[in-house]
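Trainee: structure, please.
(chains A and B)
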Amino acid sequence: MHDSEILNNLLLNRSIWRGSKPTSEKHIPTGHPNLDVLLNGGWPKAALVELVSHQEGIGELNLLLPTLENHTQSDGLCVLLNPPHQPYAPAWEEANINLRQILIVRSQNYDEWLWTAETTIRHGALLLAWVSRYIPRYSDLRKLKLSALHNKQNIFLFNKVNTLSLASPASLRIEMYSSMLHELFIIVRKSKDNCNGKSIKIKQTGAPIQYTSLNKLVAPIYSAFPDKDLSQKPNDSVKTLSNT
Amino acid sequence: MIQTSKSKSNRIGSKGTKKKIEIWVYLCFPQLALDALLSQLVKQACNKPLAVIFQKQQTKRIYCCSTLAERYGIETHMSLSTALALCPDLHIKTREVSKERYHLERLALIAYRFTSTVAFYGQLGLIIEISRCKKLYGSYDNLLQQLYFQMSKYSSKLINGIGHTPLSAHLNCQSNYQIHIPDIGGLTAQSHTIKLDEFKLSQRNHKHLKQLGLHTVADILRLPRSTISNNFDNELISQLDLLTGVKPDLYTLFTLPNKFSDYMQNPDGIYNKDALHVPMKTLLLRLCEYLKSRNYLCQEIQWYFFPLLGESVSMHVKFSKAHRNKNNFFSISRLQLEQLKLPYSVTEILLESDKFISAFNCNFDFFDGNNVSRKNELIDQLTARLGKTSLSQPSIQAEYLPEQANLVHEKQFLAPRSSKKNNFRPLWLLASPLPIKQNENKLFWHRPLSILSGPERLCDNWWRSDQQRDYYLAHDMKGSRYWLYRDVRSKRWFIHGMFA
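Mentor: Numbers count the residues shown, from 1 in each chain, chains lettered A, B, ... in the order given. Next comes the predicted model:
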């Protein structure tokens, strides 16, 4: 139909060399040098990566921020399928993530979840999927893995802890937990790169620690309104006006 | 198909000293009545003899019939009883003039893709002027071949006539389709061989011409004009002027309608959604042809499904980017159709659209166009299957309170505001703040919490509400980090975000 379509068909020919395209690599750097060393180069490319976190709020998503940054800044679309909460845009932008390339999708049932995951991968978008009410079947995950391989795109699946005992077709499966503040422990549970069972501790950036007990909290100086009952204030002002 | 059409009167063929030689092609569709009826039907009865009838003086006669019916010896103007005697299995349909006109407009739309000079000529045909199209198509033969190929998709029989004026093209109409066009000398010579019987003249004039031994146009053109005017009335002179191009022919040029509207019917009813796919694809193909003719792209389409009884069901399909890709139109419509509750049976499907943008105004990425179109296709598919409310996108608003600053709206792809701050903020924000327990000097959220830093006071705009919050960063024994706040007025604690 358009010139660009003709050009795209032409570029599908493998004999045409494209200078702008990097040579194919097996790994994508994670943005965490220690983790790259552990995973022999980074996240496996075009693969299903399973992330199992023992609890929320330990930095499980923080681990993927460099990957998300690279992907969205190069105008790649990223789909968040059934995230546990809504992304807080100022924080995501602070992490240099292009919000225009972030799409949040909520599915109503397992069929929709699976269809969305497949469709997303088929269209070449990066997928971050959370498993909430249902446990995906092995065969479905295998389909997703093959789809990721075929479409040369990654799937990051945040799975539940109780699935660790189940078999997984994922190319990489890592377990995450934290016992100390700003420290994330990562154990590789399954990998093609012979790093099964290896673990690493990642130091996370955070606010400066300054423990304060509740009864010693600093009372803010600025206060926009006095502590009086403000609900009566508009009425008072109306009275004043009417009197004058 | 065409609902509104702006028409304008134009002079076709005009007198002038330095006039460019015009080449007119008359396209005749002898089976128009039959094609018009069949094109709107989902199931086409092609394997059985078919005839269209009309009523003349209380007698039903054959108006036109299919090739299969002709094999039984059925001819036009034959009475219906005779036709049925020849072929008892004959399928009969009554002529519908409105549908014929509708179909002729569809054919005009195809012709319009080849030349802008298209006009309706009589009840069965179109007249087109092609002298300016030779360079584009390389040769007239190529043009006429391509025209035939496109027309034959909608017409079971097509014949044509070629001439240097519209009337000569019409009178030169042959019983087959010609692709070779003679030079201007040949065209003029061809018009001179036209028999005078073909002219629409009064019986008196025809009789008079025969008495004088005048049979062809060449015979009468040998006579001086004064002799012709003395012996015949203006009727003949007028027709001769139109034929030779001395006098311009006045017709209404076909102009493309501003709205696309087309339908397909199945009187037997369609009972499942899969069976709707074929007529939907046909209608979308026609839409794409319309868009090509106008060089338009479409962003919204509207489907209507009519049952035999009861109210119709409509389906609005919107695309994130205007295009004219038939497969994409269909895949999105099909996904949305799966979610739609249809009547028990559908007898008519209507497709409408008037939301177009010109393809001239669209810029396409030379190298990365495929990537952009894949993104749009994905968003369209997700919207069609999951609904508009299932898709959203985060963006930043210039507000103080976190839930107002973080606007998760329906997918719009707006440019976010850039407001970089160095404050430590959580990646997840809870849909609404959840109250947390406070026991003496300890806060509890699943486990005891310790406050790491704070406070940071955030207030709403004073004219809207008097909310004042002191935000703190906290963590539990297992290393989970939270964003808490204490409402200044109520002194209650809430959890508002998580540092995932």
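Trainee: from here on, contacts and neighbour counts on C-alpha atoms
Mentor: Noted.
Trainee: neighbours of the residue nearest to residue B:399 when sequence neighbours are not counted, how many?
Mentor: Nearest non-adjacent residue to residue B:399, counting by C-alpha to C-alpha, 6 or more residues apart in numbering or on different chains: residue B:405, 4.7 Å away. Residues within reach of residue B:405, counting by other C-alpha atoms under 10 Å in any protein chain shown, total 16.
Trainee: and residue B:405, what is it in contact with?
Mentor: For residue B:405, the contact set (C-alpha atoms under 8 Å, 6 or more residues apart in numbering or on different chains) comprises A:89, A:90, B:396, B:397, B:398, B:399.
Trainee: which residues does residue A:173 contact?
Mentor: A:49, A:50, A:51, A:52, A:188, A:189, A:190, A:191.
Trainee: and residue B:349, by the same measure?
Mentor: B:263, B:264, B:265, B:279, B:280, B:303, B:304, B:305, B:306.
Trainee: coming back round to it: buried subset of the contacts of residue B:405, written for PyMOL?
Mentor: Remark: buried members of those, expressed as a PyMOL selection using 16 or more other C-alpha atoms under 10 Å in any protein chain shown:
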select buried, (chain A and resi 89+90) or (chain B and resi 396+397)
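Trainee: what count of nearby residues applies to the closest residue to residue B:323 other than its chain neighbours?
Mentor: Nearest non-adjacent residue to residue B:323, counting by C-alpha to C-alpha, 6+ apart: residue B:297, 4.6 Å away. Neighbour count of residue B:297, defined by other C-alpha under 10 Å: 23.
Trainee: residue A:104 too?
Mentor: Using other C-alpha under 10 Å: residue A:104 sits among 22 other residues.
Trainee: and it, helix, strand or coil?
Mentor: strand (DSSP: H, G, I helix; E, B strand; the rest coil).
Trainee: beta partners of it?
Mentor: residue A:80, residue B:392 (DSSP bridges).
Trainee: report pLDDT for it.
Mentor: For residue A:104, the pLDDT comes out at 92.
Trainee: gap between it and residue A:86?
Mentor: Distance check for residue A:104 against residue A:86: by C-alpha to C-alpha, to the nearest Å, it reads 8 Å.
Trainee: what does residue B:251 give?
Mentor: 64 Å.
Trainee: out of those two, which sits in the busier spot?
Mentor: residue A:86 (21 against 17).
Trainee: that one against residue B:429, yeah?
Mentor: Yes - when contacts are counted by C-alpha atoms under 8 Å, residue A:86 is listed as touching residue B:429 (5.5 Å).
Trainee: and the gap between the residue of the stretch 51-200 of chain B found nearest chain A and residue B:191?
Mentor: Residue nearest to chain A within the stretch 51-200 of chain B: residue B:113 (15.1 Å; C-alpha to the nearest C-alpha). Between residue B:113 and residue B:191 the distance is 28 Å, computed by C-alpha to C-alpha.
Trainee: okay, these two: which has more neighbours?
Mentor: Legend: neighbour count by other C-alpha under 10 Å for residue B:113 and residue B:191, higher for residue B:191 (24 against 16).
Trainee: show me the contacts for the more buried one.
Mentor: Per C-alpha under 8 Å, 6+ apart, neighbours of residue B:191: B:163, B:168, B:172, B:217, B:243.
Trainee: switch the cut-off to 10 Å
Mentor: B:162-165, B:167-169, B:171-172, B:185, B:216-218, B:243-244 (C-alpha atoms under 10 Å, 6 or more residues apart in numbering or on different chains).
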